[in-house]
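K.L.:
generate coordinates for the sequence data below:
(one chain, ligands or ions: 1)
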Amino acid sequence: MKASVILSHPYSESFNHAIFRTVCRTLDELNVEVFKHDLYLENFNPVLSVNELGTDSSNDPLVNQYTAEMMESDLLVFIHPNWWGQPPAILKGYIDRIFRPPHAYDFSEKEGAGGVPEPKLCGKYGIVFNTSNTAEERETDFFGDPLESIWKQCIFAFCGIGGYYRKMFRIVSDSDQALREKWLLEAEQAVEGIVRDFSKTGG
Ligand SMILES: Cc1cc2nc3c(=O)[nH]c(=O)nc-3n(C[C@H](O)[C@H](O)[C@H](O)COP(=O)(O)O)c2cc1C
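P.N.:
Residues are numbered from 1 along each chain as shown. Here you go, the predicted model:
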């Protein structure tokens with residue numbers, strides 16, 4: 001089994017980095033082959049340029065590496081904070097540049113780009129760990145939990161990824177060390193459970 005783990009947070013002492021370390025360690029211990037990437041550390045350029053638009057190739061070695069790894073991976077894991085109800089721009093750029101046709105989805109000649117796309121990532125499992133400073137009720141009732149539809153529908157389902165797990169850790173700004181350790185244990189157990197089930201069912 002293989003996994004891509006993509007971290008999007010600029011500060012190495014953040015709770016997001018702690019989640020990243022926990023998830024990577026857990027996958028290593030389960031003998032999953034892991035492609036680990038900290039997008040800020042690797043200085044990923046999130047801007048989709050005109051040269052790349054509509055093409056299936058890129059001159060950026062990081063884009064080609066991340067794309068190949070995404071296609072090889074059974075598990076696609078994303079770790080990021082809630083920034084304005086969205087992923088940080090660097091991760092939005094990863095989605096723009098890596099989840100592209102014909103690798104992640106494609107349009108049939110008959111239906112064209114206005115039709116329903118052909119999903120290309122079927123059989124993979126999407127996992128998202130988020131952090132925020134908003135209470136659950138306010139996030140759901142007032143903001144409508146935009147990250148849930150962004151990941152579940154707009155990205156994963158669009159590309160055929162049916163297996164899905166997302167966990168929002170909140171409220172990070174009020175959390176003490178004990179609560180953070182409990183959250184990290186939850187992340188570890190979630191990953192263990194998904195890997196165990198995925199190994200049995202094959203996705
Ligand atoms: C640019 C920016 C936008 C943010 N937008 C939101 C938001 O929309 N909702 C929210 O609950 N928290 C928001 N936050 C707070 C972060 O989600 C919070 O600091 C982070 O999840 C804490 O995790 P960390 O300790 O790993 O940084 C925002 C923070 C920044 C810097």
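K.L.:
near the ligand, which residues of this protein?
P.N.:
9, 14-16, 81-85, 131-134, 172 (CB under 6 Å from any ligand atom). No exception for glycine: its C-beta is placed from N, CA and C like everyone else's.
K.L.:
I'd like to know how far the residue minimising distance to the centre of the chain sits from the ligand.
P.N.:
In the chain, the residue lying closest to the centroid (CA atoms, centre = their mean) is Phe78, at 2.7 Å. From Phe78 over to the ligand the distance is 14 Å, taken as CB to the nearest ligand atom, to the nearest Å.
K.L.:
of the residues of the chain next to the ligand, which belong to helices?
P.N.:
Phe15, Asn16 (DSSP state H).
K.L.:
looking at the residues of the chain next to the ligand, which are in strands?
P.N.:
Counting by DSSP state E, the part of the residues of the chain next to the ligand found in strands is Pro81, Thr131.
K.L.:
of the residues of the chain next to the ligand, buried ones?
P.N.:
His9, Ser14, Phe15, Asn16, Pro81, Asn82, Thr131, Ser132, Thr134, Val172 (16 or more other CB atoms under 10 Å).
K.L.:
would you map the helices across the protein?
P.N.:
Using DSSP H, helices in the chain cover 15-29, 61-72, 89-98, 136-138, 146-149, 177-201.
K.L.:
next, the buried residues of the first one.
P.N.:
In other words, helix 15-29. Phe15, Asn16, His17, Ala18, Ile19, Phe20, Thr22, Val23, Cys24, Thr26, Leu27.
K.L.:
ok, the buried ones among the residues of the chain next to the ligand vs Asn51, which is closest?
P.N.:
His9 (28.8 Å; CB to CB).
K.L.:
before we move on, the earlier item: could the helices of the chain go into TSV alongside distance to Phe107 and mean pLDDT?
P.N.:
As requested, those are exported to TSV (distance: least, CB to CB, whole Å; pLDDT from 0 to 100):
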stretch	distance to Phe107	mean pLDDT
helix 15-29	33	98
helix 61-72	18	97
helix 89-98	17	98
helix 136-138	37	98
helix 146-149	22	98
helix 177-201	29	97
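K.L.:
re the thing from before, OK, contacts around the residue nearest to the centre of the chain?
P.N.:
Contacts for Phe78 (CB atoms under 8 Å, 6 or more residues apart in numbering) come out as Ile6, Ser8, Pro87, Leu91, Gly126, Ile127, Val128, Phe129, Trp151.
K.L.:
which non-adjacent residue is nearest the fourth one?
P.N.:
Leaving aside its sequence neighbours, Leu91 sits nearest to Ser8 (CB to CB, 6 or more residues apart in numbering; 3.9 Å).
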